[in-house]
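Visitor: Structural data only, the sequence is not supplied:
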């Protein structure tokens, strides 16, 4: 057979062999590829580990306050990255220490972070704590003091932060600020830089809620406009969403319709009960001994507690061993009145030596109990083991037994019998609980950044492993093909 024909036959046979093996080779590749997991559909944003998985976010707080501000005919506040960073830092500190009141000096903290570029800073701060909806938070902030960001034209910039405490409560913080050189005007960032990239601007398109006037019967009805929601209507009229649901037979899960007519209940509405103001102190009743103990709730301060019980702040501080600059904690108990019975002085416990009673021979003895050792007995009476063994003619190999009497060459000190003092009107209570330590987180710099550490992959070598497997499969396929070809052409 000519050489060219033989080569053609060999090539044809090789092709046919490869054609028969190729489907199995493809199946092996598919199986190897399945070992490498598919990539996630979308990468998490750098700050996803800091974002709120559910509930009210910092952006929600800013948008809600701007809604009220626009309703008052003012321009919306501009979100500022420095104010944002300080607000978040404040929320983190308050949550870490479960504080019941402000840290204080919000102006100083903003200025230290670089806000204002050296100009005098003016600022206000709102906070709320608990498991709260957005409308509940804005209801808490509905008084004149908390409504400054929405009613005072001078404020220009806004920031907010949200943090969760160890007890599960969430802290919400909103700060608004302006500078002495630019009252709600252009703001120059430190060193003449512009706003850092990535700042999410607050929408300036906000539909204000126009407050309706009572009709001839004194009832108030609101006509829903485009872009309005139950919470914005509830906040504007200083009622709750539940009030709107009950009095209008609607549900918050059902969207409002443009032109829908809503009845707005008020304190004059029959059957409408005004809820207890947030932060109001409800005085505790005395116990059987006349003692009054108050449990601190959110938004309560030493001043409001003292006013509620008609006592002085100094009296509360003295009774509880507390200082004015120590922050109160939610759930903390405070003694308001020690009661009518003046506690008598409690004598200190007697030491083991003071409890000894001399025997008939005038000596002191210890009766060994089950499980006791020479070392333990020596430490009980604050003597050395060598002295104890010498007093009783013992050595290191000696064994003591229960009910054995050990001689103690000790002289008990005289026991002081406390003299009963006449009753006094002032009770002295020793504070046993140390004050909470507020850990100050370093203040943010002019351009606050958030360091995000990426979580390590649980199997970082998966791509390399898959590549090795694919290579091994390919080599195995070629080997099988070669062996098959060689076997076919053996004589």
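Guide: Happy to help now that I have it. Since this is a predicted model, take the numbers as computed values, not measurements.

Visitor: Which parts of the chain are helices?
Guide: Using DSSP state H, the helices found in the chain span residues 3-34, 58-71, 81-97, 106-112, 134-140, 148-151, 230-237, 241-248, 302-309, 313-320, 374-380, 385-391, 462-488.

Visitor: packing partners for the shortest one?
Guide: Helices and strands touching helix 148-151, as assessed by 3 or more C-beta pairs under 8 Å, 6 or more residues apart in numbering; DSSP states H and E, comprise helix 58-71, strand 121-130, strand 170-179. Placement of C-beta: from N, CA and C, glycine included.

Visitor: which one of these has the most crowded surroundings?
Guide: Mean neighbour count, computed with mean count of other C-beta atoms under 10 Å, is highest for strand 170-179 among the helices and strands packed on helix 148-151, reaching a mean of 26.

Visitor: Mind listing the strands that strand pairs with, and their directions?
Guide: Strand pairing for strand 170-179, determined by DSSP bridges: strand 121-130 (antiparallel), strand 157-164 (antiparallel).

Visitor: List the residues that contact the residue nearest to residue 408 when sequence neighbours are not counted.
Guide: Closest residue to residue 408 apart from its sequence neighbours, by C-beta to C-beta, 6 or more residues apart in numbering: residue 364 at 4.4 Å. The neighbours of residue 364, taking C-beta atoms under 8 Å, 6 or more residues apart in numbering as the test, are 356, 357, 358, 407, 408, 409, 410, 412.

Visitor: now residue 370
Guide: residue 402.

Visitor: so what pLDDT did residue 377 get?
Guide: What the model reports for residue 377 is a pLDDT of 90.

Visitor: Please apply the same query to residue 176.
Guide: 94.

Visitor: Does it touch residue 155 like I think?
Guide: Yes - taking C-beta atoms under 8 Å as the definition, residue 176 is a contact partner of residue 155 at 4.3 Å.

Visitor: quick one: contacts for residue 340?
Guide: Residue 340 neighbours (C-beta under 8 Å, 6+ apart): 289, 290.

Visitor: Check residue 291 too.
Guide: Contact analysis of residue 291 by C-beta under 8 Å, 6+ apart lists 335, 337, 338, 339.

Visitor: Let me have those residues in a markdown table, extended by neighbour count and pLDDT.
Guide: Shown next, in a markdown table, are the contacts of residue 291 (neighbours: other C-beta atoms under 10 Å; pLDDT from 0 to 100):
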| residue | neighbour count | pLDDT |
| --- | --- | --- |
| 335 | 19 | 92 |
| 337 | 18 | 90 |
| 338 | 19 | 88 |
| 339 | 15 | 80 |
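
Visitor: low-scoring stretches of this protein, by residue?
Guide: Applying pLDDT under 70 to the chain flags the ranges 1-54, 183, 185-208, 271-279, 341-348, 413-467, 469-471, 473-475, 477-478, 480-491.

Visitor: now do 50
Guide: By pLDDT under 50, the low-scoring segments of the chain are 1, 3, 35-53, 186-206, 424-461.

Visitor: neighbours around residue 310, how many?
Guide: 8 (other C-beta atoms under 10 Å).

Visitor: and if you look at residue 239?
Guide: 22.

Visitor: Contact partners for it?
Guide: Residue 239 touches 264, 265, 266, counting by C-beta under 8 Å, 6+ apart.

Visitor: how near is it to residue 220?
Guide: Using C-beta to C-beta, to the nearest Å, residue 239 is found at 10 Å from residue 220.

Visitor: any common contacting residues for those two?
Guide: With C-beta under 8 Å, 6+ apart, residue 239 and residue 220 have common neighbours 264, 266.

Visitor: Report the buried residues of stretch 95-107.
Guide: 95, 97, 98, 99, 100, 101, 103, 106, 107 (16 or more other C-beta atoms under 10 Å).

Visitor: Next: stretch 366-374.
Guide: 366, 368, 372, 374.

Visitor: Can you tell me which of these is nearest residue 400?
Guide: Among these, residue 368 lies closest to residue 400 (C-beta to C-beta), at 5.2 Å.

Visitor: is it true that that closest one touches residue 374?
Guide: No - using C-beta under 8 Å as the test, residue 368 is too far from residue 374 to be in contact (9.3 Å).

Visitor: intersection of neighbour lists for these two?
Guide: With C-beta under 8 Å, 6+ apart, residue 368 and residue 374 have common neighbours residue 400.

Visitor: ok, residue 405 to residue 310 distance?
Guide: 63 Å.

Visitor: With residue 55 instead?
Guide: From residue 55 to residue 310 the distance is 39 Å (C-beta to C-beta).

Visitor: repeat for residue 103
Guide: 29 Å.

Visitor: now residue 318
Guide: 16 Å.

Visitor: go on, residue 242?
Guide: 34 Å.

Visitor: Ok, which of the strands paired with strand 170-179 comes nearest residue 296?
Guide: strand 121-130 (11.9 Å).

Visitor: which residues are contacting that closest one?
Guide: Contacts for strand 121-130 (C-beta under 8 Å, 6+ apart): 83, 87, 90-91, 94, 100, 102, 106-107, 110-111, 115, 136-137, 140-141, 146, 148-149, 152, 154-155, 165, 169-180, 298-299, 330.

Visitor: can we see that at 7 Å?
Guide: The contact list for strand 121-130, computed with C-beta atoms under 7 Å, 6 or more residues apart in numbering, reads 94, 102, 106-107, 110-111, 115, 137, 140-141, 146, 148-149, 169, 171-179, 298.

Visitor: so what's residue 167 up against?
Guide: By C-beta under 7 Å, 6+ apart, residue 167 lies in contact with residue 98.

Visitor: With residue 253 instead?
Guide: Neighbours of residue 253 in contact, by C-beta under 7 Å, 6+ apart: none.

Visitor: follow-up on the earlier one: put the buried members of the contacts of residue 239 into a ChimeraX selection.
Guide: To isolate the buried members of the contacts of residue 239 in ChimeraX, using 16+ other C-beta under 10 Å:
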select :264,265
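
Visitor: which one of the contacts of residue 239 is nearest residue 69?
Guide: residue 264 (21.0 Å).

Visitor: How about that closest one, nearest residue that isn't a chain neighbour?
Guide: Nearest to residue 264 is residue 220, by C-beta to C-beta, 6+ apart, at 4.2 Å.

Visitor: shouldn't the one you found be in contact with residue 214?
Guide: Yes - if you go by C-beta atoms under 7 Å, residue 220 and residue 214 touch, sitting 5.2 Å apart.

Visitor: More neighbours: those two, which one.
Guide: More crowded of residue 220 and residue 214, by other C-beta under 10 Å: residue 220, with 17 against 12.

Visitor: how near is that one to residue 248?
Guide: Relative to residue 248, and taking C-beta to C-beta, residue 220 is found at 12 Å.

Visitor: same check, this time on residue 314
Guide: In terms of C-beta to C-beta, residue 314 sits 50 Å off from residue 248.

Visitor: Of these two, give the one with the bigger neighbour count.
Guide: residue 248 (17 against 11).

Visitor: Contacts only, for the more buried one.
Guide: 262, 263.

Visitor: where's it relative to residue 263, distance?
Guide: For residue 248 relative to residue 263 (C-beta to C-beta), the value is 6 Å.

Visitor: who's in contact with the nearest residue to residue 213 once chain neighbours are set aside?
Guide: Take residue 213 and drop its neighbours on the chain: the residue closest to it by C-beta to C-beta, 6+ apart is residue 220, 7.4 Å away. The contact partners of residue 220, by C-beta under 7 Å, 6+ apart, come to 212, 214, 264, 266.

Visitor: Show the backbone phi and psi for the last one.
Guide: So the one you mean is residue 266. When quoted as degrees, to the nearest 10, the phi and psi of residue 266 stand at phi -140, psi 180.
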